[in-house]
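> kindly generate the corresponding structure for this input.
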Amino acid sequence: MTKKIIHVSSDKTNRSSRVKSQLEIFSNSATLSIRLSNVLNIIKAGRSRDVVFVFHQQLSLPICALILLLKMLRVVKAEIVYDMHDIIEITRDLSLSRKLKKIVSIPLEYFVSKRVNTITVSRGGAQILQRRYGAVARVVYNVQSYTPLQVVRTLSSHPVNRTSRNRILYFGKISEDRLCLDTIGKLQKYGFVFDLVGRFDTSVSENWRNDALVTIGQNGGQFFGEFSPDNLAFLSKYHFAYMAFPSQSLNISYSMPNKLFQALTYGLVCLVNSHQKETIQEFYHTGFVQEIDSFMQGEPSNYGHLNLQALELKLNSVSRKSADNFLKASRIK
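Reported below is the predicted structural model:
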């Protein structure tokens, strides 16, 4: 029989770009929601040797651990993969309930990652997993298949004059750890127009939300609301993507977000902070990733020397390697 991959996560995660990118890698795939009513269905599906479960995020760890125990008892025969999207970080600003959830997740993640094939979103995430648990994880970036001509069409009208009046876009979750309003104000002083697309996070205060909208409105910037990950054509209108996340948490420092790959696919120059080391290491040589402080100060950089061929080669390389790692973790390749 043909192998079948079943992605197990919340309804929201199953609609995410990460899961969609993995669905593209192997066509005979499906999704199952983490619900108590689905536990028996998951166990039933797991009795087949031709099934591969991919459990996403720490939210799936309790069910993943249950299925692993049943596999050890030979009730379940399916292969199991754990996909660690985020590094567990316990910070002071978290509510007590969220802290408890993360504390409970640590022994579960240790138990699972030491016994099943594990994948994660970045090299930094894999290194943290190795240091914490002695577990090995393959890196599967959040890169989806793309048409190189998308990049060519976008680049054909790409400006290289930093002082010209251009539009910068931030798209995604809108929160204080993602947007620095002071930095946006500095960019506007250089004549840039800053647009915002996405949804304000529930953690955001009403005062910060209002301040963000007022700041964005300078120089004619606009807030366009939410977007569908299935329709990213709006990216082709922009020259720059703001990804200079101010937070220096592990998840930001080692992040390789799907928004990065989506923006690069459309030929946007991505502005990042110096602590986003993996992003810089992977893409700075193409000219399409720039450290924002150097960019604003006009210091010598790769900007103005955008290397389309290097970008395409890099996107193709990480796409192939990620697909290969995913299939190896799933024991399909």
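> for the closest residue to Lys277 other than its chain neighbours, give its distance to Ile280.
Excluding the flanking residues, the one nearest Lys277 by Cβ to Cβ, 6 or more residues apart in numbering is Ser253, at 6.5 Å. All C-beta atoms are positioned from the backbone trio N, CA, C, and that covers glycine. According to Cβ to Cβ, to the nearest Å, Ser253 and Ile280 sit 11 Å apart.
> with Asn142 instead?
Distance from Asn142 to Ile280, by Cβ to Cβ: 17 Å.
> ok, now which ones touch the closest residue to Leu94 other than its chain neighbours?
Nearest non-adjacent residue to Leu94, counting by Cβ to Cβ, 6+ apart: Lys102, 7.3 Å away. Going by Cβ atoms under 8 Å, 6 or more residues apart in numbering, Lys102 touches Gln58, Ile88, Glu89, Ile90, Leu94.
> would you map the helices across the stretch 151-300 of the chain?
With DSSP state H, counting those that start in this stretch as the definition, the stretch 151-300 of the chain shows helices at residue ranges 181-189, 206-216, 250-253, 258-265, 277-283, 292-297.
> where does this structure have its least confident helix or strand?
helix 148-155 (a mean of 51; mean pLDDT, DSSP states H and E).
> where do the strands of the stretch 51-200 of the chain begin and end?
For the stretch 51-200 of the chain, strands defined by DSSP state E, counting those that start in this stretch occupy the ranges 51-56, 79-84, 117-120, 137-139, 167-174, 193-200.
> gap between the shortest one and the chain center?
If I follow you right, that is strand 137-139. With Cα atoms, centre = their mean, to the nearest Å as the basis, strand 137-139 stands 15 Å off its chain's centre.
> what's the domain layout of the chain?
Per the record, the chain has its domains at 4-140, 148-315, by automatic domain parsing.
> dump the contacts of Lys102 to CSV, plus neighbour count and distance to Ile332.
Converted to CSV, these look like this (neighbours: other Cβ atoms under 10 Å; distance: Cβ to Cβ, whole Å):
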residue, neighbour count, distance to Ile332
Gln58, 22, 25
Ile88, 17, 28
Glu89, 12, 32
Ile90, 13, 35
Leu94, 13, 38
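> ok so, going back, take the strands of the stretch 51-200 of the chain and write them to JSON lines, including mean pLDDT.
As requested, the strands of the stretch 51-200 of the chain are exported to JSON lines (pLDDT from 0 to 100):
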{"stretch": "strand 51-56", "mean pLDDT": "97"}
{"stretch": "strand 79-84", "mean pLDDT": "97"}
{"stretch": "strand 117-120", "mean pLDDT": "97"}
{"stretch": "strand 137-139", "mean pLDDT": "97"}
{"stretch": "strand 167-174", "mean pLDDT": "93"}
{"stretch": "strand 193-200", "mean pLDDT": "94"}
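> and of those, who's closest to Pro246?
strand 167-174 (12.3 Å; Cβ to Cβ).
> could you check the angle strand 193-200 makes with the closest one?
Using axes from the mean of the first three to the mean of the last three Cα atoms, to 10 degrees, one finds that strand 167-174 and strand 193-200 are set 10 degrees apart in direction.
> list the contacts of strand 167-174.
Applying Cβ under 8 Å, 6+ apart, the external contacts of strand 167-174 come out as 178-179, 187, 192-201, 204, 212, 227, 235, 237-243, 257, 259, 268, 271.
> what of stretch 32-40?
Contact with stretch 32-40 is made by 6-11, 14, 41-42, 45, 59-60, 63, 66, as judged by Cβ under 8 Å, 6+ apart.
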